[in-house]
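>>> give me the fold of what follows.
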Amino acid sequence: MIAVYQVNRPTVIEPSTIALEAGTAVIGKLAPNDGVDIGDVTLNAGIAAIGKLSPNNGVDIGDVGIERVIPANLTATIANGASLSNEIDFGGSSMQMMLMPTAWTVAVITFQVAEATGGTLRNAYDEFGNEVSVTIAASRAVPVPLELAGVRFVKIRSGTGGSAVNQGAECIITVILKG
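Residues are numbered from 1 along each chain as shown. Got it, this is the predicted structure:
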């Protein structure tokens, strides 16, 4: 007597032969999907990554716009006879450079920061316990100290926390932002 055994082999399915039913998804990329309209899509730089788009094959994904929002420069004003500017809200940007006015009474610049608009202001210090300061003169452009990276609400002071220097004229400081 001869025994016959049958061995079942697994079925191999090539990825190119898999079909997804309506209502299913392709993971990792936006793929053709007849009759599906996902509407308008706008991506802001730095916000999202969508991988790559597959050939359209009749799929209408609507208008796709990729925009880079470049922030406007801001100004800080120190009034005549005062030493502290108005509060500046940097939103999602950070300070990069300060452009000093021609009417500047000689003084270093220091900074006060807060966690919310109108919040409690605190003098900014570095990791060594020194007040964050910039030596500056009239009509110059100077970089903003790295210690202020990521700070949202700032006031600029003429002088230090212990020795403020009142300005002899209104001073408008232009702050160049890094987007």
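
>>> got the CA coordinates for the helix or strand residue 77 falls within in PDB?
Assigned by DSSP states H and E, residue 77 belongs to strand 74-78. C-alpha atoms of strand 74-78 as PDB (Å, rounded to 0.1, in the frame of the first residue of the first chain):
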ATOM      1  CA  LEU A  74       7.900  94.000  14.800                       C
ATOM      2  CA  THR A  75       8.700  97.200  16.600                       C
ATOM      3  CA  ALA A  76       9.400  97.900  20.200                       C
ATOM      4  CA  THR A  77       8.900 101.500  21.300                       C
ATOM      5  CA  ILE A  78      10.700 103.100  24.300                       C
END
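
>>> so which elements touch the following helix or strand past that strand?
The helix or strand immediately downstream of strand 74-78 is strand 88-89, counting by DSSP H and E. Using 3 or more C-beta pairs under 8 Å, 6 or more residues apart in numbering; DSSP states H and E, the elements in contact with strand 88-89 are strand 153-158. In short, each C-beta sits where N, CA and C put it, glycine included.

>>> quick revisit: now do the strand holding residue 77 against strand 153-158, angle only.
50 degrees (axes from the mean of the first three to the mean of the last three C-alpha atoms, to 10 degrees).

>>> give me the buried positions along strand 74-78.
74, 76, 78 (16 or more other C-beta atoms under 10 Å).

>>> which residue in these has the weakest pLDDT?
Note: of the buried residues of strand 74-78, the lowest pLDDT belongs to residue 74, at 91.

>>> surely that one touches residue 175?
Yes. Contact criterion C-beta atoms under 8 Å: residue 74 and residue 175 qualify, at 4.7 Å.

>>> need the overlap of contacts for the two.
Common contact partners of residue 74 and residue 175 (C-beta atoms under 8 Å, 6 or more residues apart in numbering): residue 88.

>>> about what we covered before: strand partners (parallel or antiparallel) of the strand holding residue 77?
Take DSSP bridges as the rule and strand 74-78 pairs in its sheet with strand 171-178 (antiparallel).

>>> who touches the partner strand?
Residues outside strand 171-178 that contact it (C-beta under 8 Å, 6+ apart): 71-78, 85, 88, 90, 93-101, 103-104, 144, 156, 158.

>>> and stretch 83-94, by the same measure?
71, 74, 76-78, 107, 112, 114, 117-118, 144, 148-159, 164-167, 173, 175, 177-179.

>>> distance between the ends of stretch 162-173?
One end of stretch 162-173 to the other measures 22 Å (C-alpha to C-alpha, to the nearest Å).

>>> what pLDDT, on average, does it get?
Averaging pLDDT along stretch 162-173 yields 96.
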